[in-house]
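1. Structure of the sequence below:
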Amino acid sequence: MPKLKTNKSARKRFKITKSGKLKKRSARRGHLLRKKSRKAKRKLRQSSYLSSVDAKRIRRLLPYG
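-> Have a look, this model is predicted:
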């Protein structure tokens, strides 16, 4: 049986925690930040966890995570 390939873009974007949850960075913080308020940008610093439905799809891309 051949080895499974890890999706490299998913590997860069998601981190698997010790408890098995998938952690992600907040969206909308790459560019065009000058029009966002200070408060909004501060909120975007926080990372969050994927929903269970999305996590199931991403786990398939990270077979050895």
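2. Spatially central residue in the chain, please.
-> Lys24 (2.6 Å; C-alpha atoms, centre = their mean).
3. what sits against that residue?
-> Counting by C-beta atoms under 8 Å, 6 or more residues apart in numbering, Lys24 touches Arg13, Phe14, Lys15, Ser47, Ser48, Tyr49, Leu50. Placement of C-beta: from N, CA and C, glycine included.
4. Could you find the closest non-adjacent residue to the first one?
-> For Arg13, ignoring the flanking residues on the chain, the nearest one in space by C-beta to C-beta, 6 or more residues apart in numbering is Lys24 at 6.6 Å.
5. Pull out the buried positions in the helix ranked longest in the chain.
-> The residue-count maximum for a helix in the chain (DSSP state H) belongs to helix 52-61. Neighbour-count burial for helix 52-61 flags Ala55, Ile58, Arg59, Leu61 (criterion: 16 or more other C-beta atoms under 10 Å).
6. Rebuild those as a markdown table, extending it with distance to Ala40 and pLDDT.
-> Converted to a markdown table, these look like this (distance: C-beta to C-beta, whole Å; pLDDT from 0 to 100):
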| residue | distance to Ala40 | pLDDT |
| --- | --- | --- |
| Ala55 | 26 | 96 |
| Ile58 | 26 | 96 |
| Arg59 | 31 | 95 |
| Leu61 | 30 | 96 |
